[in-house]
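A.B. asks: pasted the sequence and its predicted model underneath.
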Amino acid sequence: MRKLLFILIILSPLVSLGQRIDNLASFRNVTGEKYFRIHYDNDFYTKTDYYYTQGYNLEFVNPALKKNPLSRILLQLKNSRTKYGMSLEHYGFTPTSIKSNEILRNDRPFAGVIMLESFAVSVDTLQKSRLSSILSTGMLGPAAFAGKMQKKIHSWTGDPEPLGWQHQIRNEVVINYELNYEKEIFNIPNIVSLNTNSAIRIGTLSDKIQGGATLTVGRFDSPFQTREKRIKTNYQLYFYTQPLVSLVGYDATMQGGIINRSSPYTISAGQINRFTFQNSYGVILSLRNLYVEYYRTYLSKEFETGRTHKWGGLKIGFAF
């Protein structure tokens with residue numbers, strides 16, 4: 001465990017791991033051991049309709065989830081306080097056009113993913129560090145029903161029916177394990193905080209190493225304090241920016257399943273950009289038991305013939 005954390009610390013100025021919906025970053029901390037939070041991403045916030053087109057995450061945190069058998073394989077920091085949770089995550093990808101029934105070569109394939117995630121977040125208040133460990137299990141492919149959902153949403157909104165989902169990445173079992181490590185390196189209490197981020201993800205869906213930093217400015221409680229408590233005014237309002245660099249090993253949403261190689265169209269390994277840059281920025285309001293966040297994300301080209309991409313997201317949570 002110590003060796004693994006040492007590797008992550010060394011990598012943190014260089015690379016950390018980005019997921020489409022990152023609900024466990026320290027700046028997204030919800031005060032308390034029990035809460036429910038909804039995350040929703042969509043690229044209509046940035047007036048685009050391609051690549052990462054939509055995603056949502058339903059997150060539940062409760063001390064009782066420590067009894068979840070899967071919690072036993074979730075790594076934690078020693079002498080730390082720990083939160084346990086589970087979440088349901090679902091998202092979809094499309095090429096640059098959903099108006100054609102033909103395969104669009106040199107473009108991103110259609111893909112859908114659904115996962116059930118078990119996670120633990122441990123905080124070492126003395127070392128000002130935080131480790132999130134996540135086990136994700138689910139399905140990639142038609143079993144994730146991303147195409148059906150997009151078609152239903154378009155029928156509700158009166159938009160044209162999406163075409164081409166019959167060419168999506170075929171079914172594959174998703175088993176992924178992820179570690180995210182954060183270290184506070186600078187802090188002016190309740191005003192400014194700077195953390196390093198590092199992470200690693202391995203499994204059948206995504207293999208990556210990623211790293212970067214997070215700058216938080218505003219009025220907020222430190223997630224690394226000895227005891228979680230709100231500031232006297234009972235509210236937090238702050239802004240953040242999080243630049244990240246990724247080293248990509250494998251991405252099944254573009255390259256197809258590791259075992260099931262029957263997908264009608266995939267992007268070859270030689271076309272994948274092994275290094276990508278991502279930056280997220282947003283504003284968070286925490287008022288008593290309510291958590292609200294709005295953010296935007298930019299991602300550089302993931303493959304040679306691809307485009308840069310932007311999307312936005314909204315998170316609403318309730319502590320109890």
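C.D. replies: Perfect, I can see it now. Numbers count the residues shown, from 1 in each chain.
A.B. asks: what ranges do the strands span in the stretch 101-250 of the chain?
C.D. replies: 111-124, 129-140, 172-188, 192-203, 206-219, 235-251 (DSSP state E, counting those that start in this stretch).
A.B. asks: let me have the ones you listed in CSV, adding distance to Y45 and mean neighbour count as columns.
C.D. replies: Where C-beta positions appear, they are placed from N, C-alpha and C, glycine not excepted. Putting those into CSV (distance: least, C-beta to C-beta, whole Å; neighbours: other C-beta atoms under 10 Å) gives the following:
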stretch, distance to Y45, mean neighbour count
strand 111-124, 20, 22
strand 129-140, 25, 22
strand 172-188, 24, 19
strand 192-203, 23, 22
strand 206-219, 21, 20
strand 235-251, 17, 19
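A.B. asks: can you put those strands in TSV and add mean pLDDT and distance to N279?
C.D. replies: Listed next are the strands of the stretch 101-250 of the chain as TSV, based on pLDDT from 0 to 100; distance: least, C-beta to C-beta, whole Å:
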stretch	mean pLDDT	distance to N279
strand 111-124	97	23
strand 129-140	97	20
strand 172-188	97	17
strand 192-203	96	12
strand 206-219	97	9
strand 235-251	97	5
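A.B. asks: and the ones you listed: which comes nearest G147?
C.D. replies: The minimum distance between G147 and those falls on strand 111-124, with 6.4 Å, by C-beta to C-beta.
A.B. asks: which ones are touching the closest residue to T226 other than its chain neighbours?
C.D. replies: On the basis of C-beta to C-beta, 6 or more residues apart in numbering, the spatially nearest residue to T226 that is not a chain neighbour turns out to be T125, at 4.8 Å. Under the criterion of C-beta atoms under 8 Å, 6 or more residues apart in numbering, the contact list for T125 reads 80-81, 224-226.
A.B. asks: how about S26?
C.D. replies: S26 neighbours (C-beta under 8 Å, 6+ apart): 130, 182, 195, 214, 223-224.
A.B. asks: give me phi/psi at it?
C.D. replies: In terms of degrees, to the nearest 10, the main-chain angles of S26 are phi -60, psi -30.
A.B. asks: leaving out the residues flanking it, which one is nearest to it?
C.D. replies: Spatial nearest neighbour of S26, excluding adjacent residues (C-beta to C-beta, 6+ apart): P223 at 4.3 Å.
A.B. asks: tell me how many other residues surround that neighbour.
C.D. replies: P223 is surrounded by 23 other residues when neighbours are defined as other C-beta atoms under 10 Å.
A.B. asks: over to L104?
C.D. replies: As a burial measure, L104 scores 18 neighbours (other C-beta under 10 Å).
A.B. asks: what's across from V192 in the sheet?
C.D. replies: I188, V217 (DSSP bridges).
A.B. asks: pretty sure it is touching T216, no?
C.D. replies: Yes. Applying C-beta atoms under 8 Å, one finds V192 in contact with T216, separated by 7.1 Å.
A.B. asks: would you mind pulling the contact partners of the longest helix seen in the chain?
C.D. replies: Selection of the longest helix in the chain by residue count, based on DSSP state H, yields helix 146-157. The contact list for helix 146-157 (C-beta under 8 Å, 6+ apart) reads 53-54, 90-94, 98, 110-114, 160-162, 165, 168.
A.B. asks: let me know the secondary structure of Y40.
C.D. replies: Local secondary structure at Y40 is given as strand here, using DSSP: H, G, I helix; E, B strand; the rest coil.
A.B. asks: can you get me a residue count around it?
C.D. replies: Taking other C-beta under 10 Å as the criterion, the count of residues near Y40 is 16.
A.B. asks: again, but for T226
C.D. replies: Under the neighbour criterion other C-beta under 10 Å, T226 is assigned a count of 10.
A.B. asks: could you measure it against N23, distance?
C.D. replies: The span separating T226 from N23 equals 24 Å under the rule C-beta to C-beta, to the nearest Å.
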